[in-house]
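> got a predicted structure here, sequence first:
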Amino acid sequence: MLATQHPVFRRFWYPIFQLEELAAGPRGFRLLGEDIVLWLDEAGAPACLQDRCPHRSAKLSVDSTVVKGALACGYHGWEFARSGTCLFVPQMPELRAGARSAAKPYACVARYGFAWVCLDENPLLPIPDLPHAEDQGFRQIFEYAEDWEANFLRVAENALDVGHVAFVHRATIGDDSKPTMPRLTLVPMPHGVNFRCDLPVANRADQQRNLRIAAPETVRKADIKWLMPGAFTLHFTYPNGLVHAICGFATPIDDQRCRRIQFVYRSDTEAEAPGAAIAAFDRRVGSEDRRLLESCPADFPLDPKAEAHMILDRPSLVMRQMLRRLLRDHDPNAHLAAHELAAPDTLAVEAA
Ligand code: FES
Ligand SMILES: [Fe+2]
């Protein structure tokens with residue numbers, strides 16, 4: 001299944017840029033194959049238009065500026081409000097705004113320090129509530145935002161995959177002489193997958209300082225969620241009570257690429273563990289995932305028989321089942337994936 005062929009994926013909110021990046025001026029992005037431009041309006045709120053000027057079809061993200069909160073096209077200076085209405089044509093200042101001169105607007109709001117965009121007028125779900133975001137006892141640490149040559153659903157699925165930790169992360173949190181096989185407790189949730197487990201991990205020198213745990217191994221009490229379609233939270237509680245709640249996002253650029261965004265909420269203080277060291281460590285862990293995820297095809301298979309599975313892949317199978325239901329129930333192009341959607345909703349798990 002190629003997500004860009006299925007308009008249902010346009011009905012979700014995706015984080016795109018940090019607000020502070022937009023403070024420097026308008027920025028272009030490609031979301032699900034659609035070129036868009038974002039900027040901050042006069043109130044400092046993020047705004048989004050299709051990246052196409054209605055005058056000569058130049059990209060509004062190229063050499064544009066912000067004039068009193070409006071986006072001024074870099075080509076002839078026409079100015080557009082966040083609604084897309086053309087407010088001003090410098091060469092014809094008396095001209096009134098008209099439908100033909102409007103750019104196409106998209107819904108855009110600020111949350112968690114990011115500009116979020118939905119390409120459809122009727123989002124299926126709100127922006128997800130994140131654990132500890134409103135909690136005064138926690139600090140938010142921005143970790144990274146980078147573009148990966150990987151399919152966004154494969155990146156999201158990787159968050160549900162505890163079987164890879166010993167191997168992919170052998171240089172950071174893994175130990176390939178001890179493959180982990182924790183018992184997963186699945187918790188039903190309506191638009192995602194949730195499970196809990198105790199996850200043993202290696203605890204090498206740099207991470208020992210970040211966690212303030214001196215032992216060479218430790219255990220994460222993990223509560224892991226996939227939030228349909230490209231978000232996930234990895235809520236880890238360590239034996240000393242420290243909470244490290246990762247909020248990860250895979251924003252689809254197209255079928256083969258995504259913007260991988262991550263921040264974390266921590267229960268400790270900057271004096272106890274510097275945010276820069278925490279972010280650097282998690283970025284190393286992310287770059288280990290990236291190598292493997294960029295080797296996977298852009299096609300995300302919904303048919304459970306398309307790939308082999310092991311017991312630990314149960315959350316991935318539930319995720320694929322939920323995506324099959326999503327397409328069946330809401331996608332006008334479901335017929336394009338008819339052969340994958342025909343699979344029964346059973347969770348047969350066979351040995352690999
Ligand atoms: S192309 Fe944008 S103002 Fe002319
Ligand atoms: Fe990983």
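Structure received. Numbering: from 1, shown residues only. Ligands and ions are numbered 1, 2, ... in the order given.

> which SS class is the residue nearest to Phe249 when sequence neighbours are not counted?
Once flanking residues are discounted, Phe249 sits nearest to Ile261: 4.2 Å by Cβ to Cβ, 6 or more residues apart in numbering. To be clear about C-beta, it is placed using only N, CA and C from the backbone, and glycine gets the same treatment. Following DSSP: H, G, I helix; E, B strand; the rest coil, Ile261 is assigned to strand.

> let me see the contact set for Ile261.
Pro15, Phe114, Tyr144, Ala145, Gly248, Phe249, Thr251 (Cβ atoms under 8 Å, 6 or more residues apart in numbering).

> make CSV from those residues and add pLDDT, neighbour count and secondary structure to it.
What follows is the contacts of Ile261, written out as CSV (pLDDT from 0 to 100; neighbours: other Cβ atoms under 10 Å; DSSP: H, G, I helix; E, B strand; the rest coil):
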residue, pLDDT, neighbour count, secondary structure
Pro15, 98, 22, strand
Phe114, 98, 25, strand
Tyr144, 98, 14, strand
Ala145, 98, 18, strand
Gly248, 98, 24, strand
Phe249, 98, 25, strand
Thr251, 98, 27, strand
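
> I'd like to know which of the residues you listed is nearest to Thr185.
Of all these, Thr185 sits closest to Gly248, with 21.0 Å by Cβ to Cβ.

> now the helices: where do they sit in the chain?
Using DSSP state H, the helices found in the chain span residues 19-22, 152-158, 165-168, 205-211, 275-293, 314-330, 338-341.

> how does this protein divide into domains?
According to automatic domain parsing, the chain comprises the domains 3-118, 139-293.

> among these, which is nearest ligand 1?
Among the domains of the chain, domain 3-118 comes nearest to ligand 1, with 3.1 Å by Cβ to the nearest ligand atom.

> what is the end-to-end distance of the closest one?
15 Å (Cα to Cα, to the nearest Å).

> on that earlier part again, among the domains of the chain, which is nearest Leu341?
Nearest of the domains of the chain (Cβ to Cβ): domain 3-118, 10.8 Å.

> these two touch, right, Ala273 and Asn210?
Yes. If you go by Cβ atoms under 8 Å, Ala273 and Asn210 touch, sitting 5.0 Å apart.

> who's sitting farthest from the centroid in the chain?
The outermost residue of the chain relative to its centre, with distances by Cα atoms, centre = their mean, is Glu94 at 44.0 Å.

> on that earlier part again, restrict the contacts of Ile261 to contacts with ligand 1.
For ligand 1, no contacts are drawn from the contacts of Ile261 by Cβ under 6 Å from any ligand atom.

> tell me the contacts of the nearest residue in space to Phe167 that is not next to it in sequence?
Residue nearest to Phe167 in three dimensions, not counting chain neighbours: Asp176, with 5.3 Å by Cβ to Cβ, 6+ apart. Counting by Cβ under 8 Å, 6+ apart, Asp176 touches Ala166, Phe167, Arg170.

> can I get the CA coordinates of stretch 261-269 in PDB?
Output of stretch 261-269 as PDB, limited to C-alpha atoms (Å, rounded to 0.1, in the frame of the first residue of the first chain):
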ATOM      1  CA  ILE A 261      10.700  14.500  14.600                       C
ATOM      2  CA  GLN A 262      11.400  13.700  18.200                       C
ATOM      3  CA  PHE A 263      11.200  15.400  21.600                       C
ATOM      4  CA  VAL A 264      11.000  14.000  25.100                       C
ATOM      5  CA  TYR A 265       9.500  14.800  28.400                       C
ATOM      6  CA  ARG A 266      11.700  14.200  31.400                       C
ATOM      7  CA  SER A 267      11.000  14.100  35.100                       C
ATOM      8  CA  ASP A 268      14.500  15.200  36.100                       C
ATOM      9  CA  THR A 269      16.200  18.600  35.900                       C
END
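
> mind listing what Gln262 touches?
Glu143, Tyr144, Ala145, Ile246, Cys247, Gly248, Phe249, Asp282, Gly286.

> could you measure from the nearest residue to it once chain neighbours are set aside over to Thr251?
Residue nearest to Gln262 in three dimensions, not counting chain neighbours: Glu143, with 4.3 Å by Cβ to Cβ, 6+ apart. Distance, Glu143 to Thr251, using Cβ to Cβ, to the nearest Å: 15 Å.

> Thr269 now?
Taking Cβ to Cβ, one finds Thr269 at 30 Å from Thr251.

> ok, Ala150 next?
Distance from Ala150 to Thr251, by Cβ to Cβ: 12 Å.

> what's the overlap in contacts for the two?
Common neighbours of Ala150 and Thr251 (Cβ under 8 Å, 6+ apart) are Cys258, Arg260.

> near ligand 1, which residues of the protein are found?
Going by Cβ under 6 Å from any ligand atom, the residues of the chain near ligand 1 are Cys53, His55, Arg56, Ala58, Cys73, Tyr75, His76, Trp78.
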